[in-house]
Structure formats: C-alpha cells, structure tokens
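Trainee: I would like to see how this sequence folds:
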Amino acid sequence: MAVTIDVFETCAEFTTFCAAGKAAGRTIGLVPTMGALHEGHLSLVKRSLEETDRTVVTIFVNPTQFGEGEDLEKYPRTLESDLELLSQLGVESVFVPTDEEMYPAGFSTAIKPPEICGVLEGEFRPGHFDGVATVVLKLLNVSLADKAFFGQKDYQQSLAVRHMVRDLNVPSEIVVCPIIREADGLALSSRNRYLSDEQRGCALSLSRTLQEARDQILAGDRDIHALMSEMRQSLIDGGVDSIDYAVIANPDTLVVEEQVNLPAVALIAAHVGNTRLIDNLIISDQ
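Mentor: Numbering: from 1, shown residues only. Alright, predicted model coming up:
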C-alpha cells in the first residue's frame, strides 16, 4: 500500500530523522541511488525493508563521480516517478540533497579510494572512485545506517565500499544483492533507456559472453588469456562498438591471475553506441 513519503533536502534534517529512529531502537537500512529507479534498485529496497526496521533511500546524481565527457548532464532524472515507486513499496523517507548541500562552498576533502580501485573502472574512469568513496561515506555518516544495500552489477564499486568500511572502521554492514536481469539476460541499468532497439540487441552480447565464459570454465578450461581473448571476440561479433575491458579475475582482489582459479569473477565494460554498459558474473563450482 502506498504511503506518504517525507522528503528531506538537508543533511541536518535527515540525520535528525535517522537519529530519532535509532534512539527508538530501530535499525536503519540505507539504499543509496542516483534515481531513475528500476527493478534492480527496487530489489535493494525490498531487501532493506525485510532486514531493517526503517529503510531510507537517497536520490543524488553525484557530480564528483562523473569524468570529463561522461553523461552527467543527460543522466536521467525522474524524481516524481521515483518517489511514486518508493511510496508503493512502503518507503517513508527519502533524502534528495542538492549538489550545494552535499558539497558546500569551501568543500575540499575527499576520500582516497581503496587500492582495489586502481584497475578496471579506475583505469578507464580516472577519479570516479574518489567521488564514489567520498559520497558513500557522507551518506553512511548522515544516515547512521546499520546496513547499506548495494547491487552486484557495480561489482567493483561494492568491493570498494566494503574495503573502505573495513579500513575506516565505519559501523555499517554492507549488503551486496544479486544482479536483476531482463528475461533475455540484459542487466538492468538506468542507462539502458539510451539504447535503440538495435543497440539493445547488441547489448545482450555482454551477458551472453559472460555465460559462455562460465560454461567453458566449468567444463574445465583454465587458460585465462585464451578465455579473455574469446570474450573480446564474442563481444565484437555481438556488435559492441568498443571494449574497455573483458577480464576474468580474482573476486576479492580483481587481479588477473595466471590461470583461472575458482571462485572467479568475469567482468565486462563495453560501449554500445554512445552508451557505456557494465556487467559481471561470479563463477563458482559450488
């Protein structure tokens, strides 16, 4: 049943609200988003509603995690429909700060992201994880979250957040939830709306390539460089326009080892038209 949502715009008001919940003995679940909500985001909200007493959602398109030439200005902003979706789920409080609220005049502090951020996304999006680490720490602080919920689709991001929380003794548990996919395998993403029908067909090559790699590995193929070469060829054959990376790595360190050791994670970042898509698959023999 839909509920009335309290929308907070300042850190002070939001923290006061969350602190009152904590004082009443309620656990706080945080779901940080950039809006343009889809079923992937909503799966995180549902998990938080199941596991915590009070779920708070943040909607903030964080400018510091976008690099030069990326899609900050055209990133979809759908606040009204986002709030309606959250209301239908029973979320009662949403934090929607402005850029100026999160980064007021004179703001000059940033978090150095964990070492895990130096490869993959960190290589192709310089400065991205500086922005991610800083804004996530701020949101954890202002929400007083007992648990924070992230999606596996942003695999490296979730790993980076877990490392940051561990390293800085942040008293929040990070919960990573499974990727939500369309029936044809496409990982849900706010950026999927940029794709034409033809481009969407090409985008399916990401999930298909990951599945092919998993099948080969589980069949006994451990030649990691041959497998990664085949992944790239599969993406090219599928019609992607360019590939940032297609790797099989250690799931804890993101190091590409000499051969495949299980468990492993296969990760892809590729461009279809002007849209950059990411996907991943955890591979285990369990």
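Trainee: mean confidence score for the longest helix seen in the chain?
Mentor: As assigned by DSSP state H, the longest helix anywhere in the chain is helix 197-218. Mean pLDDT, helix 197-218: 98.
Trainee: tell me the buried residues in stretch 81-95?
Mentor: Of the residues in stretch 81-95, 82-83, 85-87, 89, 91, 93-95 count as buried by neighbour count, 16 or more other CB atoms under 10 Å. Backbone N, C-alpha and C define where each C-beta goes, glycine included.
Trainee: same question but for stretch 103-115, I mixed them up
Mentor: 103, 111, 113-114.
Trainee: run through who's touching that stretch.
Mentor: 63-64, 122, 129-134, 137, 160, 163-164, 167 (CB atoms under 8 Å, 6 or more residues apart in numbering).
Trainee: swap in 10 Å and give it another go.
Mentor: 11, 62-64, 97-98, 100, 122, 127-138, 157, 159-168, 253-254 (CB atoms under 10 Å, 6 or more residues apart in numbering).
Trainee: report the central residue of the protein.
Mentor: Closest residue to the average C-alpha location of the chain: residue 154 at 3.6 Å, with CA atoms, centre = their mean.
Trainee: distance to residue 203 and pLDDT added to the buried residues of stretch 103-115, as JSON lines?
Mentor: Below are the buried residues of stretch 103-115 laid out as JSON lines (distance: CB to CB, whole Å; pLDDT from 0 to 100):
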{"residue": "103", "distance to residue 203": "33", "pLDDT": "98"}
{"residue": "111", "distance to residue 203": "32", "pLDDT": "95"}
{"residue": "113", "distance to residue 203": "28", "pLDDT": "96"}
{"residue": "114", "distance to residue 203": "30", "pLDDT": "97"}
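Trainee: where in the protein is pLDDT low?
Mentor: Low-confidence segments of the chain (pLDDT under 70): 1.
Trainee: what about the closest residue to residue 267 other than its chain neighbours, distance to residue 178?
Mentor: Sequence neighbours aside, residue 280 is the residue nearest to residue 267 in space, at 4.4 Å (criterion: CB to CB, 6 or more residues apart in numbering). Distance, residue 280 to residue 178, by CB to CB, to the nearest Å: 11 Å.
Trainee: need the overlap of contacts for those two.
Mentor: Between them, residue 280 and residue 178 share the contacting residues 152-153, judged by CB under 10 Å, 6+ apart.
Trainee: direction included, what does the helix or strand hosting residue 270 pair against?
Mentor: Taking DSSP states H and E as the criterion, residue 270 maps to strand 264-272. Sheet pairing for strand 264-272, assigned by DSSP bridges, gives strand 242-249 (antiparallel), strand 275-283 (antiparallel).
Trainee: nearest to residue 222, of those?
Mentor: The closest approach between residue 222 and any of these, judged by CB to CB, belongs to strand 242-249 at 9.9 Å.
Trainee: next, the buried residues of that closest one.
Mentor: Buried residues in strand 242-249 (16+ other CB under 10 Å): 244-249.
Trainee: could you do stretch 224-231 as well?
Mentor: Buried-residue list, stretch 224-231, by 16+ other CB under 10 Å: 224, 227-228, 230-231.
Trainee: before we move on, what about stretch 12-31?
Mentor: Buried residues in stretch 12-31 (16+ other CB under 10 Å): 14-15, 17-18, 21-22, 27-31.
Trainee: of those, which is the nearest to residue 186?
Mentor: residue 31 (22.1 Å).
Trainee: quick one: secondary structure of the closest one?
Mentor: Recorded secondary structure, residue 31: strand (DSSP: H, G, I helix; E, B strand; the rest coil).
Trainee: residue 62 versus that one, what's the distance?
Mentor: 15 Å.
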